[in-house]
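Asks: below: sequence and its predicted model.
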Amino acid sequence: MARIARFLGRRLVQAAGVILGIAVINFLLVHLAPGDAVEVLAGEAGGAGDPGYVERLRARFGLDRPLHEQLALYLWNVVRLDFGYSFRHGTDVLDLILGRVPATLLLMVTSIAAAFLLGLVLGVTAARRVNTVTDNVIALVALLSYAIPLFWLGLMLVVLFSVMLGWLPSGGISTVGVDQSPLAYAADVARHAVLPTVTLTLFYMAVYTRLMRASMLEVTGHDFVRTARAKGLSERAVIWRHVLKNALLPMVTMIGMQVGSLLGGAVMVEMVFGWPGLGRLAFEAILARDLNLLLGILLLSSILVVAANILVDLAYAWLDPRIEVR
Amino acid sequence: MGGFWRRYSRRWASVLGLALLALVVAGAAAAPLVFPADPWDMAGAPYLWPGQETGFPLGTDTLGRDVAAGLFHGARVSLLVGIAATAAALGVGILVGAVAGYYGGIVDDALMRLTEIFQTIPNFIFIIVLVVIFKPSIATIVLSISAVSWPALARLVRAEFLSLRRREFVQSCILVGMGDARVILTEILPNCLAPVIVTASIMVATAILIEAGLSFLGLGDPNVISWGSMIGAGRTSLRNAWYLTAIPGLAIVVTVLALNLVGEGLNDAFNPRLRPRAATR
Amino acid sequence: MLGGSRLLGSMAALLMAVLAATATAQEQPVRGGTLRITVPEPVMLTGAFNSAGQIYVISPKIHDGLVAYDADFNLQPQLATAWTISADGKEMKFTLRPNVRWHDGKPFTSEDVAFSAMKVWKVAHPRGRSVYANLERVDTPDPLTAIFRFSQPAPYILNALFSAESQPVPRHIYDGTDLATNPNNVAPVGTGPFKFTRWERGQYLQLDRNPDYWDTGKPYLDRVVFRFIPDPGARTVAFETGEIDAGAGIPVPLSDARRLAGMPSMQVHLEGDEAINAQTFIEFNLRRPLFQDVRVRRAIAHAIDRGFIARNVYFNFATPATGPVSKDLKRFYTADVPAYPYDPALAQKLLDEAGLKRGSDGIRARITHDPLPGNEFYLRTAEYFRQAMQRIGIAVEIRTADFATWYRRIYTDNDFDTSNYAAFNLADPTMGVQRFYWSKNIVKGVAFSNGSGYANAEVDRAFELAQIEVDPARRTSLFQQMQKLVMGDVPNIPVVDLEWLSVTNRKVHNMIKPPLGPHGNFADAWMKP
């Protein structure tokens, strides 16, 4: 237990450093960009005639202060977990982000879980029939689902399942304009989640399938498996009791690595499906130069990635006590 | 070399991948010969379907531009983006990974923290931020993609270096007073190139996908035709003229598929023990 | 949208189309129903000091204006029931409707009007400072009388008094507060037929029927929901699957609009944008030496086939433009201006005369072009422009950018050669056209101002006289004089007059009525169950 605690302590200190580094890099980066939120706001407002309008807005948001002052202020606010005010949305950044987290988490968790399970099944199947037609077909399917551009797949699924078949809604997270009971609402959200989840799942499934197949093959070659077989255990028992558990380790690592990537992949899926998640919020924040919001999302999602990685390390240690916790 | 090819060609899929890739590269190389005119030229009537008019075997787009010409010229740009981004990532990744793995200690710690920072920021969002800030162009797209790709390579190279560093042949080189740079470049690096090459082939594919995604979001380079920009231009015609997105989309699928198959073949060839590597994201 | 037989579906649709064609005129409005409209997500919900397109659509449902218009732009009562204008044009007196209440129950009075005009429109509305520049004060002799007093006549204000452009806000909520951060901006209290209920960020905005609306019995609809769908293709799909009923301001790609127009269940409305009058142009940066020679500008104007652009970029939802005032602004438009028919040979000749010879690489000049982001037709226009210029020996590099960068390049840094974008002429050239050509509106950092840097004293004079001219005929003649002058100088090339179209399901009735169309208050709109 003490070992775990020491490890956790060290990781948290490290993580704090990484997150602070990210904060500085992001801040400098987004302030390099020409143009600011005020210009977008004023432009969008169709504004002609009044330069004072722009100047007043800029002063209000502190955008007229020197860069180092803004940076210092920003870091101080980050330390206090104050992410500031989104001038575009007229609300606190933290509220905005927290409002979008559930939608993104729903999409991410279901997609990762589905991709993980599908990958597991396909990978195990492929490994057990290595170099047969089944193996090759699985490899091809996995590769294809990876090679099709995410947005294109999403659009095609919409055309097929929403327009032509009329089975599923084409976008959004729930039916608008109707009052529903909580249960009906949950079912409604689930229906809306199908297409975006499937799109993301297909993309990430490839990685898990190939990884699972690879690590299955690797583990099968190890001595303890041969020993198990020599002891006369049934093939099924060997696979379940010995191979699978060990082959899962790299899969778990992959989940940690994919959290960040998935948030990115979510941008495209959320744009195609009008899903009210963090990825879309981030994209819109970039285009609107809503810098506080953008910085908040980048930082919070980085924290999410770091946290996921620490969890993965812990899971790793739990799955395989022999492994030294770095 | 014969053994290498024998191991590579053990799977028919790897050979298929190589053939497809060769086809794409040949198409890219032949573009100026087959379609000498500017692919942006409004050469025909708008919205000709594939096969509708001779001279435009793949049809024309909303402004009457030849889709076939775009496909061939686009291959050049898409491949260029993939290869250039990967090359840049290789440069940074190998440098950081080699230095960190070779010297270890504080240098390693510092470089790995830096790597971790870049790996932690959600990568596609980071790319978008970079492209928006530095204005969409081929150069900024390439640099942005490489900015998120190098950390994976750095880690890979570092791990290889860590283990090779302790090997006898390296230790003896150091003992006889060989300079660090020479040890790194002539002794260790050549021995860890195999996994790097495998990873790189898949990174090229990923870069092509990312470029397409950026174009879809309207962040491509408007002055060069790439498969991504063709999809971007055709997306609003998705329902009237699906071939405008399907044709370049298919080209991307084939190329990405080919690169992945080649990557697996290379892996087979480099690792006689049939130890497929983890796919790199 | 259940599976159903497609044949049966299309037969039913055909039947409905026939029924609709024969029955629309006589049909009686039906109470009830939810209207679902797609718009881009707004920043705020009041249009009193923000005139973004989506706010222009959303806010008039929540807030009534002083007046509305009939199809010929005659004033119609809304919150004001009567108005008189003094002979010298310097005094406008409005009699307000009695017993109108804000959604929070407080009475609506002339104090609200005076506060809105002096403390909000005149100081904080993007266009308000110029539109209400001559407004000196608003007198409120009693709660139902508001008298606008001007230092100079301001006849065009009659075209700006509708809700979307000049929106009365509740004084009791805004007075003494910071306008920009007032919580009312995102959860507004208005006087209109619909009340604010809920705004789920990133998803939808819900308005519900105001049961205490002054126009008893109206509105017919129970609910209006604005849905935010970021992808243009997905919006088309949502129309086709029946997930949304209406959209305004070119809600779908124009190629899709063509297709929707052919569907029996859908209706594409070209009417209802008479107060918008969108026009697109290619603008020159006249600070560049290359473009200071009018022959170069004329040459480029001759090298552009506006008909091709109208057909292939705008799918015939646009007509070639002839001058700085849209043809749709019938009261002020004139066709009698210098014209630039498509003639690449003439263009080359003009360039030769201007001394711009082709170099050894066949290129006369290299320029950049910045299309407005946000809609694909700007980029398509840019791509056409590049190829058209290539033909006459000018190499064009397109620079795409996000809004922030574009605004900064054009209006703050003036760092561009050419650009293209759409602009609203609005209902009056003083409001919608003057800003692009008046030399006193060359102001750094202000979007949609005189970005080309165009200055012609005669043009300035025509605009300034029209601004205070009370006689409609003389005003029109001033504007026509301006159009001739501008087209002689071609500081920009008007490309097309664009239909700022709306799309509705045929179930929707009375929603798009000229001239305000989607920018009206929807009190009369109803849905066939």
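Replies: Structure's in. What do you need? Residues are numbered from 1 along each chain as shown, chains lettered A, B, ... in the order given.

Asks: for whichever residue of the stretch 151-281 of chain B sits closest to chain C, helix, strand, or coil?
Replies: As assessed by CB to the nearest CB, chain C sits closest to B:Thr236 within the stretch 151-281 of chain B, at 3.6 Å. To be clear about C-beta, it is placed using only N, CA and C from the backbone, and glycine gets the same treatment. Classification of B:Thr236 using DSSP: H, G, I helix; E, B strand; the rest coil returns helix.

Asks: so what's it closest to, chain neighbours aside?
Replies: Nearest non-adjacent residue to B:Thr236, counting by CB to CB, 6 or more residues apart in numbering or on different chains: C:Pro253, 3.6 Å away.

Asks: how far away is that neighbour from chain A?
Replies: Distance of C:Pro253 to chain A, computed by CB to the nearest CB, to the nearest Å: 13 Å.

Asks: do the helix or strand containing A:Phe27 and chain B meet at all?
Replies: Taking DSSP states H and E as the criterion, A:Phe27 maps to helix A:2-32. Yes: residues of helix A:2-32 contacting chain B under CB under 8 Å from any CB of the partner chain: A:14, A:17-19, A:21-22, A:25-26, A:29-30, A:32.

Asks: give me the neighbour count for A:Val109.
Replies: Other residues within reach of A:Val109 by the criterion other CB atoms under 10 Å in any protein chain shown amount to 12.

Asks: what about it, distance to chain B?
Replies: Using CB to the nearest CB, one obtains 16 Å as the distance from A:Val109 to chain B.

Asks: from A:Ala266, how far off is that residue?
Replies: 12 Å (CB to CB, to the nearest Å).

Asks: so for the residue positioned nearest the centre of chain B, what's the pLDDT?
Replies: Here the mean C-alpha position of chain B is nearest to the C-alpha of B:Val204 (CA atoms, centre = their mean), at a distance of 1.2 Å. Looking at B:Val204, its pLDDT stands at 91.

Asks: lowest-scoring secondary structure element of chain A by mean pLDDT?
Replies: helix A:37-44 (a mean of 62; mean pLDDT, DSSP states H and E).

Asks: contacting residues around A:Leu202?
Replies: By CB atoms under 8 Å, 6 or more residues apart in numbering or on different chains, the residues touching A:Leu202 are A:145, A:148, A:153.

Asks: how does it look with 10 Å?
Replies: Listed by CB atoms under 10 Å, 6 or more residues apart in numbering or on different chains, the contact partners of A:Leu202 are A:111, A:114-115, A:118, A:141-142, A:144-146, A:148, A:150, A:153-154, A:157.

Asks: how about stretch A:113-126 and chain B, touching?
Replies: No: if you take CB under 10 Å from any CB of the partner chain as the test, stretch A:113-126 misses chain B, and the best it gets is 10.5 Å.

Asks: how about low-confidence regions in the chain?
Replies: Went with chain A since none was named. Residue ranges of chain A with pLDDT under 70: A:1-2, A:33-63, A:223-224, A:319-326.

Asks: hmm, I had chain C in mind actually
Replies: Counting by pLDDT under 70, chain C has low-confidence residues at C:1-26.

Asks: residue of it nearest chain B, please.
Replies: As assessed by CB to the nearest CB, chain B sits closest to C:Pro253 within chain C, at 3.6 Å.

Asks: count the neighbours of that residue for me.
Replies: For C:Pro253, the number of neighbouring residues by other CB under 10 Å comes to 24.

Asks: surely it and C:Arg235 touch.
Replies: Yes: contact criterion CB atoms under 10 Å: C:Pro253 and C:Arg235 qualify, at 8.5 Å.

Asks: name the SS class of residue 83, please.
Replies: No chain in the question, so chain A it is. Here A:Phe83 is recorded as coil under three-state DSSP.

Asks: should've been chain C
Replies: Per three-state DSSP, the secondary structure class of C:Trp83 is strand.

Asks: picking that back up, ok, the residue of the stretch 151-281 of chain B closest to chain C touching C:Leu254?
Replies: Yes: the pair B:Thr236 / C:Leu254 is scored as a contact, 8.2 Å apart, by CB under 10 Å.

Asks: what sits in contact with each of those two?
Replies: Contacts common to B:Thr236 and C:Leu254, judged by CB under 10 Å, 6+ apart, are B:62, C:232, C:375-377, C:380.

Asks: got a winner among the residues you listed for most neighbours?
Replies: When neighbours are counted by other CB under 10 Å, C:Phe377 leads the shared contacts of B:Thr236 and C:Leu254 with 26 neighbours.

Asks: not counting sequence-adjacent ones, nearest residue to the residue in the stretch 1-150 of chain B that chain A sits nearest to?
Replies: Here the residue of the stretch 1-150 of chain B nearest chain A is B:Phe124; by CB to the nearest CB that distance is 2.6 Å. Distances taken as CB to CB, 6+ apart place A:Gly264 nearest to B:Phe124, at 2.6 Å, with adjacent residues excluded.

Asks: how many other residues sit next to that neighbour?
Replies: Neighbours of A:Gly264 under the rule other CB under 10 Å: 22.

Asks: picking up where we left off before, separation between the residue of chain C closest to chain B and C:Gln78?
Replies: 35 Å.

Asks: before I go, just wanted to say thanks for your time.
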